[in-house]
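Peer 1: Build me a model from this:
(chains A and B)
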Amino acid sequence: MTDELFKQIDLFKILLAVVIMASAVLIAKIVAASLRRALSDRLKRDQLEILVKISYYLIIFLGFVTITPLFGVSLSGLLVAGGITGIVLGFASQSVVSNFISGLFLLWEKPIKIGDQINVDNIAGFVEDIHIMSTIIRTYDGIFVRIPNEKVFTSNITNYVANVARRFEYVIGIRYADDANRAIEIIRDLIDREPFALKYPEPQVFVDNLGDSSVNIVVRIWAPSREWFDVKMKLLWNIKVELEKNGIEIPFPQRVIWFANEMKIHRES
Amino acid sequence: MFGIYDLGELEININGSKITIERTPHYFIYRREHNKEVLEKKILSRSGKIVINPVEPVNLPKNITSYLQIKFRKPITIEPNHSETLYTTFPVEIGVFVTGVGDVNLIDVFSFVNPKYSLYGDPVRGLICRYWESDLTQEQRAERFREGIMKLKIVNTTKEWIDISKAVFNIELMKIYYDEEIVSSTAEMDIQSRMVAETKFFSEPLRKGMKKAIEIFSPRKVVARRFFMEWGL
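Peer 2: The predicted structure follows:
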C-alpha cells in the first residue's frame, strides 16, 4: 500500500501541495490581520483573539483538506488513520496532549481572559495570550512567563478582575483624644469625592475596636475591579493628609507604665 | 458656547472656564483652563473646524463603562397599564472635537460636575455605571452647563403597581441635542415586571432648532437598540 502511495506522488503534485499550503498560510495571515484591524474597536480583545485563531486554523485546515486528494488519500481514510495515529501519539506524548486538551477546556470554560489580572501557582500578572498549548503571563514587573496549559488548568486560579467590582479595606487608628465621629465624617466625605469609590454597594466606615494605642476605624470601599488598586493607593494617603489637616492624628504605639514605688532619679553632675 | 468654530485664533469662556486656540506658523495650540488645571495640545492642521458640544457622560475621569444610572431622589409608584412622560436630568460632559477632511477627532472632554460611579446588580454579573442623582418631575429644570434635561416616558405594561427608584441606560444608544440654553435627550422606560424594564433612546430634540451633538460612542452590536434593566427598578 505504501509503495502504491509513493508511486502516485510526483514532483508536480508536491510543488502544488506546497503552493496550496503556502497560499493557505498567507491567506490565513491576511484574514487574521484584517479581522484584527476591522474588529479591534468592535470586539473585546479576548473575543477577537478567539475569532482570529479559529479563522486562522480553519483556513489552514481547509488548505490541508484540499491537498490530501493530490496524494490519493481520501478524507475518511485520513480521519481513520489520524484517529489511530492520534491514539499512538497521545500515549507517546501525554504531556503535549494534556496541554492541548487543557487549552481547549480553558478556552471553553473561560476562567481567564486575555488582559485579566490573575495568580496561577504563585505567578501573578496580566494574561497576555492563551495559546492552544500554553498561557503567557506578563508579571507585574514585566517578566514573560509561559505556563503550560495543563498546569493552569489543574492549579488554583485567582482571577482578580473576573467580577466587575471588588472590596478593599483599611484600618485607620486615631488617638483616644480625637473625635471619632468627626474622623468618620471626613473619611466619608473623601470617599464621596473619589469617582471610582462606588456609591453602591455603600462604603462602610465605623469604629471597629478600641486598640492598645488607638481607636481603630475600619473603612470598607467597593471599587471597579480594574481600578481598585489605584483607588486604594490614592485614598489611603488622602485620608491620612485630610485627618491631619483637621487635627486628628494617627498615633504611634504607646504604653502607660505605673511603678509600684516612687521612681528615684539620680542626677550626676 | 456650544457650536462649530473655524480653526483659528479663538477664545471661548464657559461658566468660568476658558478655551483658547492660538495660531503659530506651523500648528495651532489648543488650551483649556478649567478647575485650576491647564490642558495644552498641538493641532497640526492647515484648516478645519472646532466643534464643542455635550457628549455621553461616561468619559471622566476616564472611560470604564458605557452605562448611566439615574437614581431618583424620590421614588415614584406607577399604576398598572399606565404611561407618563416626566423630566429628569443627566450629567453634562463637554467634548471638544477637531474636524479635518472627512473625519472627526475628540481632543478634550471636561465637565462642571464631579463624576461618581456605582454598581448596578451584583458584583459578579452586575454593571459599573456612571451614577447620577436627580428628581423626576413634570418641569423641565436643569442647571446650565452642568445638567441636561432628559424627557423620560415611563410605560408600565404590567398589571401591577410598580415602584421605581432608578433608571439605567446604555449610553452607546444615547442621542444628545443642544442649543444656546439647554442640553437634552429623550428616552423611554418600558416596565416589564417588578424587576425588569427596557430602556431606549430616541432621536428627538426637546424643542425645535436644537442641534444633534457629535457622539463619541457607537453601538458595538448593531442589533442592540435597547437595554434591559434586569437587577431591579
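Peer 1: switch to C-alpha atoms for all contacts and neighbour counts from now on
Peer 2: Fine.
Peer 1: and chain A, which of its residues are near chain B?
Peer 2: Proximity of chain A to chain B (Cα under 8 Å from any Cα of the partner chain) is limited to residues A:42-43, A:162-166, A:193-201, A:224.
Peer 1: Quick check, pLDDT for A:Thr2.
Peer 2: Per-residue confidence (pLDDT) for A:Thr2: 55.
Peer 1: B:Thr99 is in contact with B:Gly48, isn't it?
Peer 2: Yes - under the criterion of Cα atoms under 8 Å, B:Thr99 makes contact with B:Gly48 at 5.6 Å.
Peer 1: Name the residue in these two with the higher neighbour count.
Peer 2: Comparing B:Thr99 with B:Gly48 by other Cα atoms under 10 Å in any protein chain shown, the one with more neighbours is B:Thr99, at 18 against 14.
Peer 1: mind listing what the more buried one touches?
Peer 2: Applying Cα atoms under 8 Å, 6 or more residues apart in numbering or on different chains, we find B:Thr99 in contact with B:Gly48, B:Lys49, B:Ile50, B:Val51, B:Asn105.
Peer 1: and the last one, how many residues sit next to it?
Peer 2: Translated: B:Asn105. So B:Asn105, with other Cα under 10 Å, has 13 neighbours.
Peer 1: Give the helix, strand or coil label for the residue of chain B most remote from its centre.
Peer 2: In chain B, B:Pro25 marks the outermost C-alpha relative to the chain mean, sitting 36.7 Å out by Cα atoms, centre = their mean. Per DSSP: H, G, I helix; E, B strand; the rest coil, the local secondary structure of B:Pro25 is coil.
Peer 1: how near is B:Lys200 to B:Thr186?
Peer 2: 9 Å (Cα to Cα, to the nearest Å).
Peer 1: let me redo that: B:Phe228
Peer 2: For B:Phe228, the distance to B:Thr186 - Cα to Cα - is 17 Å.
Peer 1: With neighbour numbers in mind, choose between those two.
Peer 2: B:Thr186 (21 against 17).
Peer 1: ok, the helix or strand harbouring the more buried one: who's next to it in the sheet?
Peer 2: Secondary structure assignment for B:Thr186, by DSSP states H and E: strand B:183-191. Counting by DSSP bridges, the strands paired with strand B:183-191 are strand B:147-156 (parallel), strand B:177-178 (antiparallel), strand B:197-202 (antiparallel).
Peer 1: Please state the offset of it from the chain centre?
Peer 2: Chain-centre distance of strand B:183-191: 12 Å, with Cα atoms, centre = their mean, to the nearest Å.
Peer 1: can you pull the buried residues of that strand?
Peer 2: Buried residues in strand B:183-191, defined by neighbour count with 16 or more other Cα atoms under 10 Å in any protein chain shown: B:Val183, B:Ser184, B:Ser185, B:Thr186, B:Ala187, B:Glu188, B:Met189, B:Asp190, B:Ile191.
Peer 1: Who are the contact partners of the most centrally placed residue in chain B?
Peer 2: By Cα atoms, centre = their mean, chain B has its centre lying nearest to B:Glu56, at 3.5 Å. Listed by Cα under 8 Å, 6+ apart, the contact set of B:Glu56 reads B:Val92, B:Glu93, B:Ile171, B:Glu172, B:Met174, B:Ile176, B:Glu215, B:Ile216, B:Phe217.
Peer 1: From chain A, how far out is the last one?
Peer 2: If I follow you right, that is B:Phe217. 11 Å (Cα to the nearest Cα, to the nearest Å).
Peer 1: Three-state assignment for that residue, please.
Peer 2: Secondary structure, three-state DSSP: B:Phe217 is coil.
Peer 1: What's the local residue count around it?
Peer 2: Using other Cα under 10 Å, B:Phe217 has 14 neighbouring residues.
Peer 1: List the contacts of the residue nearest to B:Ile154 when sequence neighbours are not counted.
Peer 2: Excluding the flanking residues, the one nearest B:Ile154 by Cα to Cα, 6 or more residues apart in numbering or on different chains is B:Met189, at 4.8 Å. B:Met189 makes contact with B:Leu152, B:Lys153, B:Ile154, B:Val155, B:Ala167, B:Ala197, B:Glu198, B:Thr199, B:Lys200 under the criterion Cα under 8 Å, 6+ apart.
Peer 1: What is the nearest of the residues you listed to chain A?
Peer 2: Of all the contacts of B:Met189, chain A sits closest to B:Ala167, with 14.5 Å by Cα to the nearest Cα.
Peer 1: Tell me who's in contact with that closest one.
Peer 2: Counting by Cα under 8 Å, 6+ apart, B:Ala167 makes contact with B:Gln69, B:Ile70, B:Lys71, B:Met189, B:Thr199, B:Met229, B:Leu233.
Peer 1: next one: phi and psi at it?
Peer 2: When read as degrees, to the nearest 10, the backbone of B:Ala167 gives phi -140, psi 140.
Peer 1: Bridged to it, which residues?
Peer 2: With DSSP bridges as the rule, B:Ala167 is bridged to B:Ile70.
Peer 1: Look up how far B:Arg194 lies from it.
Peer 2: In terms of Cα to Cα, B:Ala167 sits 13 Å off from B:Arg194.
Peer 1: okay, and the common contacts of those two?
Peer 2: Between them, B:Ala167 and B:Arg194 share the contacting residues B:Leu233, judged by Cα under 8 Å, 6+ apart.
Peer 1: Include pLDDT when you put the contacts of B:Ala167 into JSON lines, please.
Peer 2: Output for these, formatted as JSON lines (pLDDT from 0 to 100):
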{"residue": "B:Gln69", "pLDDT": "97"}
{"residue": "B:Ile70", "pLDDT": "97"}
{"residue": "B:Lys71", "pLDDT": "97"}
{"residue": "B:Met189", "pLDDT": "96"}
{"residue": "B:Thr199", "pLDDT": "95"}
{"residue": "B:Met229", "pLDDT": "90"}
{"residue": "B:Leu233", "pLDDT": "88"}
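Peer 1: Get me the contact residues on chain B for chain A.
Peer 2: Residues of chain B found near chain A (Cα under 8 Å from any Cα) are B:61, B:114-120, B:123-128, B:131, B:220-221.
Peer 1: Only the buried subset of those, as a ChimeraX command please.
Peer 2: Restricted to buried positions by 16+ other Cα under 10 Å, the ChimeraX selection for the residues of chain B next to chain A reads:
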select /B:115,116,117,118,119,120,123,127,128,131
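Peer 1: So which of the residues of chain B next to chain A are in strands?
Peer 2: Using DSSP state E, B:Tyr117, B:Ser118, B:Leu119, B:Tyr120, B:Leu127, B:Ile128, B:Tyr131 are the members of the residues of chain B next to chain A that sit in strands.
Peer 1: sorry, back to before: which among the residues of chain A next to chain B count as buried?
Peer 2: Among these, those buried by neighbour count (16+ other Cα under 10 Å) are A:162-166, A:194-201, A:224.
Peer 1: circling back to that earlier point, among the contacts of B:Met189, which one lies nearest to A:Gly247?
Peer 2: Distance to A:Gly247, by Cα to Cα, is smallest for B:Ala167 among these, at 41.6 Å.
Peer 1: Could you check how far that closest one is from A:Asp179?
Peer 2: With Cα to Cα as the criterion, B:Ala167 and A:Asp179 are 39 Å apart.
Peer 1: picking up where we left off before, so which of the contacts of B:Glu56 is the most crowded?
Peer 2: B:Ile176 (29 neighbours).
Peer 1: if I pick the closest residue to it other than its chain neighbours, what's in contact with it?
Peer 2: Excluding the flanking residues, the one nearest B:Ile176 by Cα to Cα, 6+ apart is B:Ser185, at 5.0 Å. For B:Ser185, the contact set (Cα under 8 Å, 6+ apart) comprises B:148-151, B:174-177, B:201-202, B:204-206.
Peer 1: Name the SS class of B:Thr77, please.
Peer 2: Classified using three-state DSSP, B:Thr77 is strand.
Peer 1: Point out where the stretch 151-269 of chain A drops to low pLDDT.
Peer 2: For the stretch 151-269 of chain A, applying pLDDT under 70 flags the ranges A:263, A:268-269.
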